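> Dropping a prediction and its sequence here:
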Amino acid sequence: MSQQATLLAKVFDHKEHADAFLTEGRISAGRLSSYRDTEDSERRDTDEGGVILLEPSVWVNGIELPGVKRLRFDDGYEQVRYVFCMTQFFVDLNDPSALEQLGEQMAMSLPRLQRFGPHTVLVHDLSEFTDRVKEAIPSRVKAWKWGFVEYCDESLSAQTMNLHLQDPMSALERAFRKDPFFELERECRLALCDGEGGDVDRIDFAVGSLEDIALMMPTSGLGDARFTSEEPE
């Protein structure tokens with residue numbers, strides 16, 4: 001039976017924020033729209049959080065508009081979606097060669113991750129971390145989703161878009177589709193839909209100390225990391 005291990009890395013620009021995540025499990029989820037509005041061109045995703053409609057033609061009031069290829073819609077959840085992002089690395093524990101390549105996997109993403117900051121907290125127990133997050137979700141959150149981002153060219157028909165436009169869970173699903181340009185970020189996301197109108201810039205909460213399931217390291221060290229299935233003596 002295949003056994004897959006997943007490591008989650010959270011990169012921080014400030015040491016005190018990394019410390020708070022490690023010792024308190026402090027999670028700070030920002031608006032999804034901030035990824036679209038950021039001035040950092042390497043992090044900006046102009047389609048983030050929207051509905052992308054790819055059609056050879058579009059009909060408006062019975063009139064066909066040919067040649068329209070890409071449209072972006074605000075789906076009505078612009079102000080109430082928040083995300084907390086981490087980077088995921090995974091490996092088949094039954095494949096020794098794959099385990100040895102985990103460090104190489106990290107090295108490939110390193111140039112992009114270093115843009116986010118010099119401090120990294122590496123979570124090595126995904127299951128336990130997930131359980132702690134679930135237990136700590138704030139009461140103000142009316143819907144949430146935790147999972148890996150899929151990097152693909154999204155195509156939605158007009159019918160599908162209309163059916164799911166006003167459903168909170170469908171709105172959260174759109175936080176897990178990104179352009180392949182960002183695939184080296186290897187994102188794992190916690191997406192939250194605020195039930196109190198999105199009147200805060202961030203949703204903050206703590207899951208408790210992660211010191212038993214995580215460690216801190218320099219982001220630059222990800223490129224030098226080497227892993228083995230053998231237990232230390």
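Perfect, I can see it now.
> Residue ranges in this structure under the pLDDT threshold?
1-4, 34-80, 93, 96-100, 153-171, 225-233 (pLDDT under 70).
> What ranges does it have for its strands?
Shown for the chain, the strands assigned by DSSP state E span residues 4-12, 26-31, 51-53, 57-60, 63-66, 71-73, 81-92, 119-123, 141-148, 150-151, 177-178, 187-194, 202-206, 214-218.
> Can you redo these as CSV, where the extra columns are mean neighbour count?
To be clear about C-beta, it is placed using only N, CA and C from the backbone, and glycine gets the same treatment. CSV is the format used below for these (neighbours: other CB atoms under 10 Å):
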stretch, mean neighbour count
strand 4-12, 19
strand 26-31, 19
strand 51-53, 19
strand 57-60, 11
strand 63-66, 8
strand 71-73, 13
strand 81-92, 21
strand 119-123, 22
strand 141-148, 17
strand 150-151, 14
strand 177-178, 19
strand 187-194, 23
strand 202-206, 16
strand 214-218, 16
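> Switch these over to CSV; also include distance to Leu102.
Shown next, in CSV, are the strands of the chain (distance: least, CB to CB, whole Å):
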stretch, distance to Leu102
strand 4-12, 8
strand 26-31, 25
strand 51-53, 33
strand 57-60, 45
strand 63-66, 49
strand 71-73, 37
strand 81-92, 5
strand 119-123, 11
strand 141-148, 16
strand 150-151, 20
strand 177-178, 23
strand 187-194, 16
strand 202-206, 29
strand 214-218, 14
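> and Met106, which of these is closest to it?
strand 81-92 (5.9 Å; CB to CB).
> What is that closest one packed up against?
Helices and strands touching strand 81-92, by 3 or more CB pairs under 8 Å, 6 or more residues apart in numbering; DSSP states H and E, are strand 4-12, strand 26-31, helix 96-100, helix 102-113, strand 187-194.
> Looking at these, which is nearest to Glu135?
Nearest to Glu135, of all those, is strand 26-31, at 12.2 Å by CB to CB.
> Direction included, what does the closest one pair against?
Strand partners for strand 26-31, identified by DSSP bridges, are recorded as strand 81-92 (antiparallel), strand 202-206 (antiparallel).
> Cys193 is nearest to which of those strands?
strand 81-92 (6.0 Å).
> relative orientation of that closest one and strand 119-123 in degrees?
Orientation check (axes from the mean of the first three to the mean of the last three CA atoms, to 10 degrees): strand 81-92 against strand 119-123 gives 70 degrees.
> these two touch, right, Asp194 and Ala143?
No - counting by CB atoms under 8 Å, Asp194 does not reach Ala143; the two are 9.3 Å apart.
> Not counting its neighbours along the chain, what's nearest Gly147?
Spatial nearest neighbour of Gly147, excluding adjacent residues (CB to CB, 6 or more residues apart in numbering): Phe176 at 6.0 Å.
> That neighbour - how many residues pack around it?
Using other CB atoms under 10 Å, Phe176 is surrounded by 17 other residues.
> Touching, it and Cys152? I think so.
No - look at Phe176 against Cys152 with CB under 8 Å: they stay out of range, at 10.3 Å.
> before we move on, back to that, out of the helices and strands packed on strand 81-92, which is closest to Met216?
Using CB to CB, these put strand 4-12 closest to Met216, at 9.4 Å.
> now the closest one against strand 26-31, angle please.
Using the same axes, to 10 degrees: strand 4-12 against strand 26-31 is 80 degrees.
> That'll do, ta.
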